[in-house]
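# quick check, what structure comes out for this input:
(one chain, ligands or ions: 1)
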Amino acid sequence: MSTTDHTMEPTDLQSAVGRLNYAKGHGTGNDFILVSDPENQHDLGQRQVAALCDRHRGIGGDGLIRAVPSDTLPEGRKILEIRPDAYWFMDYRNADGTISEMCGNGVRVFVHFLLKEQLVDLPVGGQLPVGTRAGLKVVTRLEDGYAVDMGPWEFVHAQAAQENGLDSIVSTAKLDKARGALSVSVGNPHTVVAVATAAELDNLDLSTAPEVEPTTRNGTNVEYVLVEGAVLDEDRAVLRMRVHERGVGETLSCGTGACAAVIATRHWAQGNAAGQWTVQVPGGELRVGFAIAESGQEHVILSGPAVLVSRGEVLGS
Ligand SMILES: N[C@@H](CCC[C@H](N)C(=O)O)C(=O)O
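Below you'll find the predicted structure:
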């Protein structure tokens, strides 16, 4: 016979984390807990982040972002060698506490948080260099949000991408058969699948992780895109997208995923597409464009809103 144990689990939020001030924010519904840590005193572990991001027993969030000075982390110190003014570093964790290299919605919300905390001064049109595990990102403040230069992108399997436009197979609940997909890195890994109809996109069951073959050691984020006819419109290309995020599950939006979705779709359209794209996600709209950097490399530029919704304090036990 089993008995019920009513003792507190070690994952109980207060004992796991202690007292902590935080803010909550989102970018097109992709929501984050934000912690300002100018003295690098809250290097939260995986279990602590997962407890904070728990939507029932914690604060809830798709991820947690800690604002720390770049010189306090090895990855940040590397960035300071090329951009000594990249004072702030975005220490990003997924909801399950795992580290990701980059978060496109998160970096806009991060800069908005720094601004609201008066940790930076950034007028409309001003630019802020930010350290991330995917390297330096430069964020421009717009009238209606932020634009992020996400840097250069790459196909994960360049030869397969060029030869077939596909490099992997994705099986998804409620999608009748496995689909070919294309893997794109924008600092973090993505696998993009095209669906054929709005009904296919709407009916996908992303409550369980899609199966991606071949598997990769670090896993991947999976984006489903509906292209319809819009890709060939010279002025305005529109995609619809849903995403299953590594370390999170289905989210209302994914900024790096939107960039990967556009890169894959443009490739499938053989470059015959507009330079500016709108990506419609369940949580709103993102804009994706391209620019040639001084190095001659193509960079992908992500724009969208950033919102802070609340501030609070985790009470220590
Ligand atoms: N939502 C983010 C991406 C967050 C990281 C991702 N789950 C990963 O593990 O790479 C975005 O807006 O880009």
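# Arg240 belongs to a strand?
Yes. Applying DSSP: H, G, I helix; E, B strand; the rest coil, one finds Arg240 inside a strand.
# so it sits against Val225, correct?
Yes. Between Arg240 and Val225 there is a contact at 7.0 Å, judged by Cβ atoms under 8 Å. Bear in mind the C-beta positions are built from the backbone N, C-alpha and C, glycine included.
# more neighbours, the two?
Taking other Cβ atoms under 10 Å, Arg240 and Val225 do not tie; Val225 has more neighbours (25 against 20).
# and the closest residue to that one other than its chain neighbours, how many residues sit next to it?
Among residues not flanking Val225 along the chain, Ala261 sits closest, at 4.6 Å (Cβ to Cβ, 6 or more residues apart in numbering). When neighbours are defined as other Cβ under 10 Å, Ala261 has 32 of them.
# contacts only, for Ala261.
190, 192, 223, 225, 239, 241, 279 (Cβ atoms under 8 Å, 6 or more residues apart in numbering).
# ok, and the most crowded of those residues?
Highest count within the contacts of Ala261 by other Cβ under 10 Å belongs to Glu223, 32 neighbours.
# ok, what's across the strand from that one?
Val192, Val243 (DSSP bridges).
# and it, what's its pLDDT?
On the pLDDT scale, Glu223 is placed at 98.
# roughly how far apart are it and the ligand?
10 Å (Cβ to the nearest ligand atom, to the nearest Å).
# show me the contacts for that residue.
Here Glu223 is in contact with 190-193, 241-243, 254, 257-258, 260-261, 264 (criterion: Cβ under 8 Å, 6+ apart).
# ok, so of those, who is nearest Glu39?
Cys254 (31.2 Å; Cβ to Cβ).
# against the ligand, how distant is the closest residue to that closest one other than its chain neighbours?
Counting by Cβ to Cβ, 6+ apart, Val243 is the residue found nearest to Cys254 once chain neighbours are left out, at 4.4 Å. Distance, Val243 to the ligand, using Cβ to the nearest ligand atom: 8 Å.
# Val222 is in contact with Val243, correct?
Yes. Val243 is in contact with Val222 according to Cβ under 8 Å; the separation is 6.9 Å.
# what does this protein have sitting close to the ligand?
30, 63, 94, 100, 103-106, 188, 221, 245-248, 251, 254-257 (Cβ under 6 Å from any ligand atom).
# done for today, thanks.
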